[in-house]
Every structure is written in C-alpha cells, then in structure tokens.
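[1] just need the structure, nothing else, for what follows:
(chains A and B)
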Amino acid sequence: MAAVSAAPALTAQNITKSFGERQAVRDVSFDIAPGELLGLIGPNGAGKTTLLSIVAGIQKADEGSVAQPDPDAARIGWVPQQTAVYLKLTVAQNLRLFARLENVADPDATVVRMLEQTGLEERADDELGRLSGGNRQRVNIAVGLLADPPVLLLDEPSGALDPRQRDRLWGFINALTERGTAVIFATHDIAEAERHANRVLVLADGELLFDGTAQELKTVAGADAEHDLEQAFVGFLRERGH
Amino acid sequence: MLLKDLQILRRSKLLVGLLIVYPVAIALLIGFALSSGPEKPRLAFLNQIPATQTKINFGGEQIDVQVYTDNLFDAVDRIDVENREQALEKVRKGEVLAALIIPSDFVMKLSTGGFDSASVEVVYNGDALKQSFVESTVQSKLAIADAALARQINKVASGYIKVITVGGEINALGQNFKLLGLVESKKLLDDTLQDAPPEIVRKLQPLAQFADIGVANIGRFNDVLNTVEKPVEVTETVLSGRRTPLDTFAVALAVTVSLMFVCVLLASGLLALEREENTFSRLARGLVPGGRLLAGKVLLAAGCAFVVTLVMLLGISAFVPLGYDRLALWVAAIAASGVAFATLGVAIGSLAREVRAASLLALMLALPLAFLALVPSGGVSPVLYDVIQVISALFPFKPALDAINTAINDADTNLAITFVHLAALTLAFGGAAYWGLRRFAAN
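    Numbers count the residues shown, from 1 in each chain, chains lettered A, B, ... in the order given. Sure thing, here's the model as predicted:
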C-alpha cells in the first residue's frame, strides 16, 4: 500500500442530503490524504452513491461543504458505477472527447498517456460497444483520470468484473495511489475493502457509523476466528439498528 | 405462460391503460380529422331569392326551386344567415366551413337567361382541407339536385318533341297552337307524291327523306336531352383572395410531418442517449452546461431535418409546381419550425431514461398533434373545436404547418405572427427541457 501524507487532499464537512422526506445522507464528515485509498462501505441504499456524487459535484448537498486545499487544483475525478462512455465511439475518440471537455492542455498526448496506463493501446480504434466489461471499465476509469485529478472517486468499480479483471483493476488503482492520487471507492464487498483500503468509512441509512482502518472495524465489530469481517459487519449494523 | 403474462399486465396498470386509451384517442382523432368533416359540414346559408319567385313556369310546368335547395341542404348542417356580410363573417371566424349563397337572380336566370348562366356561390376561407371537404359534399349533392332539375326539364322538352313528332297542342307566349306532327306530315307528303308529276316528286324528295329520318330517329332526341344534366354552375369565392390547391397543401403537410418526425425523434433520442449511456452524469459536473447541451442537440436535430426536408421539397417541386421565388421563405419557415420541433424533442428526451422510451414517447405525442391540427372548424362542435385549437396552439405542429404552407403556397396566414408563435414555443419547451435535465441531475 502507498504511503499516506498527513495534509488532506479533500475535506467533506457535515454533508446532508434529503430526497423529499427521506434523508439519504445525514451530517457526514470525513477527509482524505494524498495517496490514501479510502473504502466507503455499507449495505445497498446506505447513501454511498449519493455521498460520492455530492463530493463529485454532480449533486448539491442540502447542507455541508466539500473543500480542496488548493482551489486551483484540477477537478475531482469521477468514475460512476456504470460505464459512462459512448458505446458507438472508439476508445481513442472517447478519451479525446472528454479530454477536450476537461480542457486538458494537450488532448492528443493525454489520450496516448491514458491508453498506455490502461494497456489499451491496441484497442484504441475499437468501438467501446465491442469491448469486454473489464476493458470498458478501464476506459471508464481512464476518462475519470484524464485531467490528472488529485482525488479520484470510484463508485462500485469492480462490481461487473471477473476475478482476473478485478485484480488488474486494483493493480491499476494502487499504481495511482503510489503516485499520490487520493482514491475514494464505494463498495458493498467488505472483503474487497478490507483487502485494499487504508481506511474505511461505514455508512448505513445515510449515517456515518465508523471511520478507521479495517483492523479497527474488525475489533469494534467483534470479528474472531469463528466470525469473519463480513459476518461481524452485519452484526455491527444490526446492533446499531440498521 | 399465459397466466404469467396476464399477471404481469395486471400489475402494469399504466401500460394497459395506455394500450387501451391511446388507440381509442388516435381513432377518434383520425375520425375528427378525416371523416366527420365531409359527412355533415357546417355551412352558412343565404337564400336571396324573393319569396314570391321560388317557382319557374317552364312549358306549362311549375318547377319549385325550394325543393332544389332543400335537397342540397339535407347533406349539411345548415346555419341560416340574414345577409352576405354575416355569411362571410361566419366563414372568416371559422364558425362554418363555408357559406352557400343562392343569388336573387337564380330563378330568373334559370327560367329566362338560359340554364348555363344560373349559379350558386360557395365562399371559402382559403383553407385547402376545408375547401376539399365542402367541395366534395356540395358537388355530390349538387349533382343529385341538378339531375332532379334536369329530369323535370327533360320531361317538358320530351313533351314538346312528342308533339312535334306525332302532333298535338303546345302553349307558347300564352297561346295554344295545334301542330300536325312529323308522322302525319310524312303521311300527307307520301299521299301527295304518289299522284304528283315527276318534276314535283324530284323537288319534294329531300323533304320526304327528312321526314323519314326524323320519324325513324325520334328516340335519339330524348337520349340527347338526357345528357343535359348540369343546369346550375357553382361559383367559388375565396375570402383571402388566395386559394391553396389541395395538392400543394399536401406538399406543405408532407414537409411538416417529415420535419416533425425527424426533429422530434432525433432530438429526443440524442438527449436520451446521454442518459442511457450514463454520460450525462459526467457532463452534468460542469463539463457541458445544461443550456449548451440542449442547444447542441436542438441545432443538430433541426439541421439534419432541415437538409432532409429541403431536399424533399426540391424533389417534390419536380412534380408539383412550386414557386422558387419564395425559396427564402421556405428556408426560414423550415428552419424556425425545425428548431421548435427539435426543442419539443429535447423536452421529451429530458423525461425519458433511454432512447427507445424517448422515441416511443415522441411518436405517441407527435401523431395526435398532427391529427389535431388537421381537424377543420365545423367538423366538430364549436366547443370541442376551441379546445382543439388551444391544444394545437400549445405545440409546434399547427404553427409550423401554417408557416410552411404560407411559405410554399402564399396562404392567408401572417408569417411574422407564426414565427413569433414558434419562437415562444421554442422558449417554453426549451425551459421545460432544462427543468427536466436539472430534475434528473438532482436525482
């Protein structure tokens, strides 16, 4: 795992968001340091995607704020749960289009760099619709990285991938954090969060229940030789009324 | 499997409701637009024949013109008016499809001026569809009434021919005359020629041949009379002074329908594609402002449709004569209509999550709009017509059809007002589309 520096790359404070009567996110605060890999875990409907989309700037919070220390820094990178690219365009065309929209200084050079990073140089001229789910997800992540953002948000990045593709994906993400990119990923796969995250946030019914390392969560949840983290996590949620 | 499908349908109340309501609504609209018009068109009627002069004395026979006009009006919804101005006003306001005026000299011309010059006047407002509806009804009923009148005339004329052939009495200028007849004349001539000297026989032989031929072919005179079937002419007056022929109106209609479908389907599909491929979530982060995104889709859809319809119009002009001197107006009308249609398309696209849903929604909305705009005044009740007018005014099809028809056919519509109408609808649907995008981004 990458070394984590102390100064935060992003700070979220008192984020609250409601849809009608339902409160999706309730007064959530956290920060993330450069190079840190933060896992956001919780059951379905916990508010993970809503929280990430507020941090990404897609939705506005009813209350609270998201701040980056350097206001001139590139925007936050955003990789939605489902691939958000044009299936009728080629890999290179997609990357070039979004590079231009992101106002990247040299779009063509950036496209070449991202093709290298994703290992998709040979598929550059293939239509997205003809690629496998894993390769589409790589392009999806590459689009989020075009502007070389200091913070990258990934919503359920490995949900549709097979084990081999998942392994390659995490290798790619770890390489990013080693270069200093702060990465927040949402998942309901507890084992994945335990394996890759430096730190985990537990969210249930919009409420932040835990902020610490996976080991600390194990301790709090009471995982032991008989109960793995997932079982302990379910018990942890039940104890808190979720 | 059948039970499963029924259970699914039972739980899809909206779909089932739509499946029932939509075809019924479309059928009703088609009925209003195409059927109800010619069946019983509402016509203003002005009878200027003096009450004392409704009968024609023809060869001792009385022909009642009232019977003739009553026959004509059993096929229309008749609104009696007091004078010509009132009749024209009703046509102008769209309260009636047309006005039928029987002039005061109708009886006089029928009885003394010769049948060809007697005429009735039908006044239209220049709308090609309405004119077509009324024309077909009036012409068919006029043909029936003409036939009845012609039969009466034939009967009188046949009587004269019979007297000329076999002899008898006729009344002319108030006096009775006795005629010998061709048959008796021939007998007398034949008897005379039997004892006449050869010189006289030679001189009178052509007269005897004439009498022979006349008696032998007397039946053909009635055949000739039977061909006289149209004693009354129809004079058409168009209030605007301009009339759109149905074929060139059909061109304007075809262009407008094509423009609408290309624009609405393309614009709604282009916007829905952003949601279907999830790219909207990326763009909504400020990469492309909502207004710019919508404007891009509108211009692309309107641009494509503009090229398609302009090429179509130029192609049609090879078969239907259209005025190229109005090309600038064609371009302006198609462009303004295209932008309005495309804006309606993005408004629809902003409601749908995928291209197929957007296309279906666009199609379901576009079809009734076209039918509604074609329902003629007088084809339905005045209240329903007013409701239809309001609904049509809220969507771009009617003003687009007016603009394109005026641009192509110089129809009686104020083009500037139509452009303002289209611009207002563009702004309204643009606002609705923008609201739809924001609503989606917020969820």
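[2] could you dump stretch A:229-242 to PDB, C-alpha only?
    Extracted C-alpha coordinates of stretch A:229-242, given in PDB (Å, rounded to 0.1, in the frame of the first residue of the first chain):
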ATOM      1  CA  LEU A 229     -15.300  -9.400   8.900                       C
ATOM      2  CA  GLU A 230     -18.400  -9.700   6.800                       C
ATOM      3  CA  GLN A 231     -20.400 -11.600   9.500                       C
ATOM      4  CA  ALA A 232     -19.100  -9.200  12.100                       C
ATOM      5  CA  PHE A 233     -20.000  -6.200  10.000                       C
ATOM      6  CA  VAL A 234     -23.600  -7.500   9.600                       C
ATOM      7  CA  GLY A 235     -23.800  -7.900  13.400                       C
ATOM      8  CA  PHE A 236     -22.200  -4.400  13.800                       C
ATOM      9  CA  LEU A 237     -25.000  -2.900  11.700                       C
ATOM     10  CA  ARG A 238     -27.700  -4.800  13.500                       C
ATOM     11  CA  GLU A 239     -26.500  -3.700  16.900                       C
ATOM     12  CA  ARG A 240     -26.900  -0.100  15.700                       C
ATOM     13  CA  GLY A 241     -30.400  -0.600  14.500                       C
ATOM     14  CA  HIS A 242     -29.600  -1.000  10.700                       C
END
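[3] that stretch - what's its average pLDDT?
    Mean per-residue pLDDT for stretch A:229-242: 80.
[4] what is the distance between it and the centre of its chain?
    23 Å (C-alpha atoms, centre = their mean, to the nearest Å).
[5] now it: buried residues?
    A:Leu229, A:Ala232, A:Phe233, A:Phe236, A:Leu237, A:His242 (16 or more other C-beta atoms under 10 Å in any protein chain shown). Using the backbone N, CA and C atoms, a C-beta is placed for each residue, glycine as well.
[6] dump these to a markdown table, plus secondary structure.
    Below are the buried residues of stretch A:229-242 laid out as a markdown table (DSSP: H, G, I helix; E, B strand; the rest coil):
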| residue | secondary structure |
| --- | --- |
| A:Leu229 | helix |
| A:Ala232 | helix |
| A:Phe233 | helix |
| A:Phe236 | helix |
| A:Leu237 | helix |
| A:His242 | coil |
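[7] of those residues, just say which sits nearest to chain B.
    A:His242 (23.4 Å; C-beta to the nearest C-beta).
[8] and the end-to-end length of stretch B:194-201?
    Distance across stretch B:194-201, first residue to last, is 8 Å (C-alpha to C-alpha, to the nearest Å).
[9] can you check stretch A:83-93 too?
    Stretch A:83-93: ends 15 Å apart by C-alpha to C-alpha.
[10] and the contacts of that stretch?
    A:94, A:97, A:111, A:115, A:120, A:123-129, A:131, A:133, A:136-137, A:139-140, A:143, B:277-279, B:281-282 (C-beta atoms under 8 Å, 6 or more residues apart in numbering or on different chains).
[11] in helices, which of the residues you listed fall?
    Here DSSP state H is the test, and those give A:94, A:97, A:111, A:115, A:133, A:136-137, A:139-140, A:143, B:279, B:281-282 as lying in helices.
[12] any quick ChimeraX command for the buried ones out of the residues you listed?
    Buried members of the ones in helices among the contacts of stretch A:83-93, defined by 16+ other C-beta under 10 Å, are picked up in ChimeraX with:
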select /A:94,97,111,115,136,137,139,140,143 /B:279,281,282
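[13] looking at this, B:Thr418 is in a strand?
    No - looking at B:Thr418 with three-state DSSP, it is helix, so not inside a strand.
[14] among the ones in helices among the contacts of stretch A:83-93, show me the least confident.
    B:Ser281 (80).
[15] check contacts around the closest residue to that residue other than its chain neighbours.
    Spatial nearest neighbour of B:Ser281, excluding adjacent residues (C-beta to C-beta, 6 or more residues apart in numbering or on different chains): A:Pro80 at 5.1 Å. The neighbourhood of A:Pro80, defined by C-beta under 8 Å, 6+ apart, consists of A:Asn140, A:Asp155, B:Asn278, B:Ser281, B:Arg282.
[16] try 7 Å
    A:Asp155, B:Asn278, B:Ser281 (C-beta atoms under 7 Å, 6 or more residues apart in numbering or on different chains).
[17] burial measure for the nearest residue to the first one once chain neighbours are set aside, as a count.
    The one in question is A:Asp155. Counting by C-beta to C-beta, 6+ apart, the nearest residue to A:Asp155 once its immediate chain neighbours are dropped is A:Gln81, at 4.2 Å. Neighbours of A:Gln81 under the rule other C-beta atoms under 10 Å in any protein chain shown: 18.
[18] which SS state does A:Gln81 fall under?
    Under three-state DSSP, A:Gln81 comes out as coil.
[19] picking up where we left off before, and which of the ones in helices among the contacts of stretch A:83-93 is nearest B:Gly323?
    A:Leu97 (44.4 Å; C-beta to C-beta).
[20] ok, and the closest non-adjacent residue to that closest one?
    A:Leu89 (6.9 Å).
[21] and stretch B:398-409, how far out from the chain middle?
    17 Å.
[22] oops, could you answer that again for stretch B:198-215 instead?
    On C-alpha atoms, centre = their mean, the centre of stretch B:198-215 falls 59 Å from the chain's centre.
[23] list the contacts for the closest residue to chain A within the stretch 101-250 of chain B?
    Minimum separation of the stretch 101-250 of chain B from chain A (C-beta to the nearest C-beta) falls at B:Ala250, amounting to 37.0 Å. B:Ala250 makes no contacts at all, as judged by C-beta under 7 Å, 6+ apart.
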